[in-house]
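Colleague: after the sequence you'll find the predicted model.
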Amino acid sequence: MRKKIIITGGYGYIGAKLASKLKKKYQIILLEHPKAKKPSFLKGNFKIIKTDITNEKKIIRLKVQNVYAILHLAAQSSGPKSFFIPREDIDKNIIGTLNIINFCSKNKIKRILFASSFVVYGNQKKNRFNEEMDIRPSSVYAMSKSYCELLLKNYAQNKGIKWNILRMFNVYGDDQNIKNPDVGLVGIFMNLIKEKNLIEVKGSLDRFRDLIHIDDVVEAWKLCLKKNKTNQIFNIASGKATKFSTIISNLIKIIKPHQKVRVIQKGITYGDLKGSLADINKTKKHLNFTAKIKLENGLLRMWQNENKR
């Protein structure tokens, strides 16, 4: 008999991709906000529970049985936005996670996989971020994620709930809505190049990120759920650094190979990091995971998928 799991944020990009991939092996329940819209790429028939995870009274009244684990991805995920509307990070991320932990405790769900982010590391002296180093969150969003991690490591664990924290680096791939300003680095650049021949980039073009394709992300979550290496933090990343300038030049070659596109640096971004690069040794060792999709292939697939819309 297939194990039953709950995914919060299943109408979000990563959550929907996870649900679509895991549906054959697990019985899946999606826990969604009443106003959330189902994405077109979410394939399959799922049981949907509509509720607001920030509402303690509503979430605590929900009853489920025989759920093996909850994959908690629902969140406010925009770093810059968190500076201007910090209350959303507190409500959706911190309060939402606290309510999910209590929901698990009440319904005897003994395992949580939590979607965290590389932003909790902040600016570090070391070039590679490993799971054992002290974190230095530099935005309200990063602080909210770090506080959620503390809730899992202390509050949830004291309630007998096993946890995994998956610190995802820059996720990109097929079916991302590139017109959404919170889509992520690759989607933003792709949309700018598609629409304009003059690209203004806030901050330095020498900043670098660790990019990982959505298919690799889904595989990492799948392995973490399967291998049961609980009460551990894992970096979900490629382990390779790519400069902003390199991302842009690769996208220009794919999208406008015969046109001249100017790229200029302008202004700064709030709470941004100079660079982020993951140490993936722990993830390799415990999950037997290595990202397989090369950046050039992933970008090409993403653009081809965008052209089919």
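Modeller: Sure, I can see it. Numbers count the residues shown, from 1 in each chain.
Colleague: can you show me the strands along the stretch 51-200 of the chain?
Modeller: Listed in chain order, the strands of the stretch 51-200 of the chain (DSSP state E, counting those that start in this stretch) span 67-72, 111-117, 162-168, 170-172, 198-201.
Colleague: for residue 87, find the nearest of those strands.
Modeller: strand 111-117 (19.1 Å; C-beta to C-beta). (C-beta placed from N, C-alpha, C; glycine too.)
Colleague: what is that closest one packed up against?
Modeller: Counting contacts by 3 or more C-beta pairs under 8 Å, 6 or more residues apart in numbering; DSSP states H and E, strand 111-117 is packed against strand 67-72, helix 96-106, helix 140-150, strand 162-168, helix 214-227.
Colleague: need the ones you listed in CSV with mean pLDDT and distance to residue 57, can you?
Modeller: Below are the helices and strands packed on strand 111-117 laid out as CSV (pLDDT from 0 to 100; distance: least, C-beta to C-beta, whole Å):
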stretch, mean pLDDT, distance to residue 57
strand 67-72, 98, 19
helix 96-106, 97, 10
helix 140-150, 95, 21
strand 162-168, 98, 25
helix 214-227, 97, 30
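Colleague: and residue 10, how far is that from residue 17?
Modeller: 10 Å (C-beta to C-beta, to the nearest Å).
Colleague: residue 91 against residue 54, yeah?
Modeller: Yes - counting by C-beta atoms under 8 Å, residue 91 does reach residue 54; the two are 4.7 Å apart.
Colleague: re earlier: quick one, which of residue 10 and residue 17 is more surrounded?
Modeller: Of the pair residue 10 and residue 17, residue 10 is the one with more neighbours under other C-beta atoms under 10 Å, namely 27 against 23.
Colleague: helices of the chain, start to end?
Modeller: 13-22, 56-61, 79-84, 86-88, 96-106, 140-150, 157-158, 185-195, 214-227, 244-255, 281-287, 295-307 (DSSP state H).
Colleague: turn these into JSON lines, including distance to residue 133.
Modeller: JSON lines is the format used below for the helices of the chain (distance: least, C-beta to C-beta, whole Å):
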{"stretch": "helix 13-22", "distance to residue 133": "24"}
{"stretch": "helix 56-61", "distance to residue 133": "33"}
{"stretch": "helix 79-84", "distance to residue 133": "20"}
{"stretch": "helix 86-88", "distance to residue 133": "25"}
{"stretch": "helix 96-106", "distance to residue 133": "22"}
{"stretch": "helix 140-150", "distance to residue 133": "13"}
{"stretch": "helix 157-158", "distance to residue 133": "21"}
{"stretch": "helix 185-195", "distance to residue 133": "23"}
{"stretch": "helix 214-227", "distance to residue 133": "20"}
{"stretch": "helix 244-255", "distance to residue 133": "24"}
{"stretch": "helix 281-287", "distance to residue 133": "12"}
{"stretch": "helix 295-307", "distance to residue 133": "25"}
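Colleague: which of these sits closest to residue 122?
Modeller: helix 140-150 (6.6 Å).
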